[in-house]
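Novice: Pasted the sequence and its predicted model underneath.
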Amino acid sequence: MTAIDDVKEEIWQWVAAIPPGKVATYGQIARLAGIPNKPRMVGTVLNHLPAGSKLPWFRVINSAGRLSSPSADRQQQHLADEGVHLLNGRINLKLYQWDA
DNA sequence: TGTTTGACGGACA
DNA sequence: CTGTCCGCCAAAC
């Protein structure tokens, strides 16, 4: 097990912990996972999730409240199902950000 | 093995 | 508001 694998697991754990109806930013997850200043790693890890993963990857958005995922389409739909809606293409973090 | 990319974020123009 | 620049670093090439 390399250090990078440990980081991946930390990220998986924290993402899995995001409550339904709430969202977290890449930077937030990075800090929680112990890798502040490396938010890109979160995106990289989520991008490599295996196709049947149960992780709520759609609850992770960028600090601007926008969806930077390649599949922002599905992501928006999943979020809407939980009551998290975009207003003018943005999510109100003040209202929906998970306060871990 | 060297270089480029990118699901980020914050500072600045 | 939009756009650029930089630090960051695993993956992809």
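Specialist: Good, I have the coordinates.

Novice: Name the residues that touch stretch A:36-56?
Specialist: If you take C-beta atoms under 8 Å, 6 or more residues apart in numbering as the criterion, stretch A:36-56 is touched by A:7-8, A:11-12, A:15-16, A:18, A:20, A:25-27, A:29-30, A:33, A:35, A:57, A:60, A:68-70, A:78. For every residue, glycine as well, the C-beta is placed using N, CA and C.

Novice: again with stretch A:5-21
Specialist: Contacts of stretch A:5-21 (C-beta under 8 Å, 6+ apart): A:24, A:29-30, A:32-35, A:41-42, A:45-46, A:54-57, A:59-60, A:82-84, A:96, A:98, A:100.

Novice: Buried ones among those?
Specialist: Buried members of the contacts of stretch A:5-21, scored by 16 or more other C-beta atoms under 10 Å, are A:24, A:29-30, A:32-33, A:35, A:41-42, A:45-46, A:55-57, A:59-60, A:82, A:84, A:96, A:98.

Novice: So which residues on chain A come close to DNA strand B?
Specialist: A:25-28, A:39-40, A:42-44, A:46-47, A:49, A:57-58, A:60, A:62-64, A:68-71, A:75 (C-beta under 7 Å from any atom of the strand).
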